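1. Need the 3D shape of this:
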Amino acid sequence: MSRVGKHPVEIPVGVEVILQDRLLTGKGKNGKFDFRVHDSVNVEVVEGKIAFKPRNESKEARSMWGTCRAVVSNAVRGLAQDFIKKVNLVGVGYKASIQAQNLVMQLGYSHDIVFEIPVGIKIVCESPTVVIISGADRQKVGEVAKMLQKFRAPEPYKGKGVIAEGQYVYRKEGKKK
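-> Residues are numbered from 1 along each chain as shown. Reported below is the predicted structural model:
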């Protein structure tokens, strides 16, 4: 049984959520979202909370119960405040800067890497080696962080690369003579 689905989603101050024909619509200071609830899950909005229940005890209904609740919880939380992810550029000469609508990174290649910032995402360079990604959509913020990591993945011998804050890089011992 879902432990996540049991807890109702609290609607923060400044966020408005409407339920019409299995379609949840939310509006807040960071934008809006639409989410069609799965057919095997019942949903109701009561007293500033969104409650989810499975329609029956099938495996699909129980799995979608927690999934729907988690997706809606992240969407509602994103309407009230941005999700933030920090990325560190670790390596000699690795740095990043913002130019117009692009993030320009120097990651040890012979050329600069120009990454176009997606719509709905804000990127700020706190320092030349720290990039802060923020936005209302949690999934999109995580995807952008992973896209940046793909340009120079963390390597285990020297620990260089694009490393998300809190990520552990497994270090290996090099060759011995």
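2. What is the longest helix seen in the chain packed up against?
-> For the chain, the longest helix by residue count, based on DSSP state H, is helix 59-80. Judged by 3 or more CB pairs under 8 Å, 6 or more residues apart in numbering; DSSP states H and E, helix 59-80 is in contact with strand 9-10, strand 23-28, strand 31-36, strand 41-46, strand 49-54, helix 138-151. Yep, even glycine has a C-beta here, placed from its N, CA and C like the rest.
3. now those as CSV including distance to residue 76, mean neighbour count and mean pLDDT?
-> Converted to CSV, the helices and strands packed on helix 59-80 look like this (distance: least, CB to CB, whole Å; neighbours: other CB atoms under 10 Å; pLDDT from 0 to 100):
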stretch, distance to residue 76, mean neighbour count, mean pLDDT
strand 9-10, 6, 18, 92
strand 23-28, 6, 17, 91
strand 31-36, 8, 14, 90
strand 41-46, 11, 15, 90
strand 49-54, 7, 18, 92
helix 138-151, 11, 16, 95
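4. Identify whichever of those lies nearest to residue 104.
-> In terms of CB to CB, the element of the helices and strands packed on helix 59-80 nearest to residue 104 is helix 138-151, at 11.5 Å.
5. After that closest one, which helix or strand is next?
-> strand 161-164 (DSSP states H and E).
6. Tell me which residues touch the most centrally placed residue in the chain, please.
-> With distances taken as CA atoms, centre = their mean, residue 138 lies nearest the centre of the chain, 2.8 Å away. Listed by CB atoms under 8 Å, 6 or more residues apart in numbering, the contact set of residue 138 reads 74, 77-78, 83.
7. quick one: it from residue 92, how far?
-> 33 Å (CB to CB, to the nearest Å).
8. ditto for residue 173
-> For residue 173, the distance to residue 92 - CB to CB - is 21 Å.
9. Go ahead and confirm residue 112 touches residue 99.
-> No: at 9.6 Å, residue 112 does not count as touching residue 99 under the criterion of CB atoms under 8 Å.
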